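[1] Provided below are the primary sequence and the corresponding predicted coordinates.
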Amino acid sequence: MPLHDPQQAFTWHLREHMATAGMFKTTDLVEPLREAGVHLSREQVYRLVTSPPVRLNMEVLAALCQILHCTPNDLIHVRSAQRGVRETRRTGTSNSGASVGELRPIPARLRRPPSE
């Protein structure tokens, strides 16, 4: 299992919940976290807010939920693993296993407008 998947299976909604709570700067979260017993630098808080974490300490998650009055499910939305697989138009089969060399575009159908 890779440590960091570029096509992440989750979305991180911390910034949206901060805005709902009236926190529009990443530094607005430093003091409430400190009061909750979590000591992070401004830089660490910035990274936590602006990009989805690869690993997340449970104490940090609990403090965020307490500060923002939300649940972990509100902050983290898990996407289905099948999201990237779709059926092709011609064959009705999925193209998830096809290599780049095997992919072909669907030909365009050009039609003249009906003459009146």
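    Nice, thanks for sending it over.
[2] tell me which stretches of the chain form helices.
    14-20, 30-35, 42-50, 58-68, 72-75 (DSSP state H).
[3] in JSON lines, list these along with mean pLDDT and mean neighbour count.
    The C-beta positions use only the backbone N, C-alpha and C, and glycine is treated the same way. JSON lines is the format used below for the helices of the chain (pLDDT from 0 to 100; neighbours: other Cβ atoms under 10 Å):
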{"stretch": "helix 14-20", "mean pLDDT": "94", "mean neighbour count": "15"}
{"stretch": "helix 30-35", "mean pLDDT": "96", "mean neighbour count": "14"}
{"stretch": "helix 42-50", "mean pLDDT": "95", "mean neighbour count": "15"}
{"stretch": "helix 58-68", "mean pLDDT": "96", "mean neighbour count": "16"}
{"stretch": "helix 72-75", "mean pLDDT": "94", "mean neighbour count": "14"}
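[4] so which of the ones you listed comes closest to residue 106?
    Residue 106 lies closest to helix 14-20 among the helices of the chain, at 36.9 Å (Cβ to Cβ).
[5] returning to what we had before: in a markdown table, list the helices of the chain along with distance to residue 105.
    What follows is the helices of the chain, written out as a markdown table (distance: least, Cβ to Cβ, whole Å):
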| stretch | distance to residue 105 |
| --- | --- |
| helix 14-20 | 37 |
| helix 30-35 | 50 |
| helix 42-50 | 37 |
| helix 58-68 | 45 |
| helix 72-75 | 40 |
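[6] compare the ones you listed and report which one is nearest to residue 110.
    With Cβ to Cβ as the criterion, residue 110 lies closest to helix 14-20 of the helices of the chain, at 44.2 Å.
[7] return the closest one as PDB; C-alpha atoms alone will do.
    The C-alpha trace of helix 14-20 is given here as PDB (Å, rounded to 0.1, in the frame of the first residue of the first chain):
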ATOM      1  CA  LEU A  14     -11.100  21.800   7.100                       C
ATOM      2  CA  ARG A  15     -10.900  25.100   5.300                       C
ATOM      3  CA  GLU A  16     -14.700  25.100   4.700                       C
ATOM      4  CA  HIS A  17     -15.500  24.400   8.400                       C
ATOM      5  CA  MET A  18     -13.000  27.100   9.500                       C
ATOM      6  CA  ALA A  19     -14.900  29.600   7.300                       C
ATOM      7  CA  THR A  20     -18.200  28.500   8.700                       C
END
